[in-house]
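Engineer: Quick one: sequence and predicted model below, then my questions.
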Amino acid sequence: MDMEQIQEFVVNHPFLWGGLVLALIALAVNEGLRTVKGQKPIPANEAVRLMNTDDAVVVDTRSAADFKKSHILNAKHVPMAGIEERAKEISKNTDRVIICYCGIGNVAPQAAAKLRKLGYSRAHALKGGINAWQADGMPVTSK
């Protein structure tokens, strides 16, 4: 595909081209805002660093059955459905670092966002959930 064909496509399909440009801009703005607001999920190595240096509280938002099978050492089990009501069980200190995780990383960002709305400004989600944690060779326990 040469430059003339690209120009011809843009001229002949302005709505498609405009839609693509708008979608890319929206994606870039969304990612930028997530990064600025601290909403971007953190990888396992960053979570370990926060656990070791900032005494982060780790919160498992999965079901009780999944938690019993395996979880990150010293994690508190607070299912997503009750995260707002049980926030004080996680930490009374709203400045404390909190790392939420789920199975594959799709629920924990919502839990971290709810905690941030309650004033926990340092709430993060674990990127990829416990599956990514284990894939990175990080330890879990069933006790």
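Structural biologist: Perfect, thanks for sending it.
Engineer: list the buried ones in the worst-scoring helix or strand of the chain on mean pLDDT?
Structural biologist: Counting by mean pLDDT, DSSP states H and E, the chain has its least confident helix or strand at helix 14-36, which shows a mean of 77. Neighbour-count burial for helix 14-36, with 16 or more other CB atoms under 10 Å as criterion, is recorded at no position. No exception for glycine: its C-beta is placed from N, CA and C like everyone else's.
Engineer: Are there helices or strands packed against that helix, and which ones?
Structural biologist: Counting by 3 or more CB pairs under 8 Å, 6 or more residues apart in numbering; DSSP states H and E, no packing neighbours are recorded for helix 14-36 among the helices and strands.
Engineer: next SSE after that helix?
Structural biologist: helix 44-53 (DSSP states H and E).
Engineer: domain assignment for the chain?
Structural biologist: Under automatic domain parsing, the residue ranges defining each domain of the chain are 3-36, 44-135.
Engineer: right, and these - which one's nearest Thr141?
Structural biologist: domain 44-135 (5.1 Å; CB to CB).
Engineer: Just the pLDDT for Arg49.
Structural biologist: Looking at Arg49, its pLDDT reads 96.
Engineer: List the residues that contact it.
Structural biologist: Counting by CB atoms under 8 Å, 6 or more residues apart in numbering, Arg49 touches no other residue.
Engineer: What residues are bridge-paired with Val58?
Structural biologist: Here Val58 sits in beta bridges with Ile99, going by DSSP bridges.
Engineer: Please name the residues that touch it.
Structural biologist: The contact partners of Val58, by CB under 8 Å, 6+ apart, come to 47, 51, 72, 74-76, 98-99, 101.
Engineer: Name the member of these with the most neighbours.
Structural biologist: Sorting the contacts of Val58 by how many neighbours each has (other CB atoms under 10 Å) puts Tyr101 first, at 31 neighbours.
Engineer: I'd guessed that residue sits against Leu126; true?
Structural biologist: Yes - with contact defined as CB atoms under 8 Å, Tyr101 counts as touching Leu126 (3.8 Å).
Engineer: Need the overlap of contacts for these two.
Structural biologist: Common neighbours of Tyr101 and Leu126, using CB under 8 Å, 6+ apart, are 108, 133.
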